[in-house]
Every structure is written in structure tokens, then in C-alpha cells.
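Trainee: what's the 3D shape of this:
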Amino acid sequence: MRIIKKFNTGHEIVQSEIFNKYNIWDTWIISDTHFNHYPKLWDWPARNDGWEQRIINQWNIRIKPEDTVLHLGDFAFGDRDKVFLSRANLNGYIFLIKGNHDKHGGAWYDDINIKLIKKSFFVNLSDGVVVFSHRPLKDSKGYNLSECLNIHGHIHEKGWYIKENYENISVEQTDFAPVKFRDLISSWRLHSWRNEV
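Mentor: Below is the predicted model:
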């Protein structure tokens, strides 16, 4: 049975059927790798020469072939061969929350060894709730999440306006490296004014 929770932002989000309070701790988290994407319409100052190889190196130094990776969206651009090549260079089992630039369906991603998750989801921990999404959750008045932690990507280096219950893990925020959930949550608890999830 799928459990749906309505958050104070008005979002109804489903509990994960893959991740839970036991297996999430050793999962690696990353977002907005944007492989094969060289934007011309906006400026990404942190993405200087060699940024793609930097992500691949940082990824494979940390992640073993048997590890689980939760990618929070905007994995790669291009046709199947280009995206497959990006995937083939990376260790681990990849689960991908569909981002605004992930344009294909589940079967397309299955063919390149990525499991697509179409929507945001939440995980109940012993002491609180964590929501994983591509975009930060917000209501009609702006960013206003108080009852859980929202781990997200999408906004790249533009994270200064998000409040304390949000953790932006776009690669620009993580030194172009994946972060283990257990380390991410420990760090968040230390710097959170609530000191809790």
C-alpha cells in the first residue's frame, strides 16, 4: 500500500517503495550533473574547463560498483548513445528522480542502466521525515517547509534564499562530488537551528 503525506506546502508526496530508514544511510546523493550540457544562455561560473571529468573522478573515488546512488535530477543531455556513455563511466546502481531536463521515460533509462523515479518521495526516519525532490518544495507564498528536511537540487549555486529545512545538493554545492546520506544528515543536524530532522 502506498502511503501519501500532505505537507504544509500543499504537496502530496508518496513514501518511497525503494528507500527506507534502514537502507538510506549508506546511499550516495547527488544532483544536477548535466553531463553533455554546455549552457550558452546562462552562466555557471563554477563549471570551468574539465568539470565533467571532475564529477566522474569525484564520483568513482567515492562510489564502488556495488553502491547505491540517488540522483536528484538533470543527469545528462543528448541522445541515447551520449547519455549511455556518461552512465558507463560511473560506478554504482543509479536511481534517478526525474528532473526538468530528464526528458525520457522509464524504459529508455532502463536501457542505459538507470532506474527512473518519476516523482518526489519521502522517507520516514526514526526522528523525522526527509523529502527527496528535484526542485525545492514550495507553496504559493514561497519556500515554507517546516515539518521535514527537503533534500533537493535544481537551483545549482543559487541556494542563498532557501531556509534551514532545505539542503541543496546540486554539484556546485558539494564540490562536484556525491555525498553519503549519513554524512549529509549529520552535517545538517549540526548546522540546523532546530538540531533535528
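Trainee: got any ranges where the protein has weak pLDDT?
Mentor: For the chain, applying pLDDT under 70 flags the ranges 1-2, 8-9, 38-47, 139-145, 159-162, 188-197.
Trainee: residues contacting the residue nearest the centre of the chain?
Mentor: Of all residues in the chain, the one closest to the mean position by CA atoms, centre = their mean is L72, 2.4 Å from it. Contact analysis of L72 by CB atoms under 8 Å, 6 or more residues apart in numbering lists 29-32, 97, 99, 132-134, 151-154, 169. All C-beta atoms are positioned from the backbone trio N, CA, C, and that covers glycine.
Trainee: is it possible to get TSV of these that adds neighbour count?
Mentor: Below are the contacts of L72 laid out as TSV (neighbours: other CB atoms under 10 Å):
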residue	neighbour count
I29	22
I30	27
S31	32
D32	27
I97	24
G99	21
F132	28
S133	23
H134	23
I151	24
H152	26
G153	30
H154	19
I169	21
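Trainee: for this structure, which segments count as helices?
Mentor: Counting by DSSP state H, residue ranges of the helices within the chain are 51-62, 80-88, 106-111, 181-191.
Trainee: picking up where we left off before, and which of the contacts of L72 is nearest S120?
Mentor: Nearest to S120 among the contacts of L72, counting by CB to CB, is S133 at 3.7 Å.
Trainee: how close does the closest one sit to D67?
Mentor: From S133 over to D67 the distance is 22 Å, taken as CB to CB, to the nearest Å.
Trainee: what do you get for I185?
Mentor: Using CB to CB, I185 is found at 17 Å from D67.
Trainee: of the two, who's got more company?
Mentor: Comparing I185 with D67 by other CB atoms under 10 Å, the one with more neighbours is I185, at 22 against 16.
Trainee: many thanks, we can stop here.
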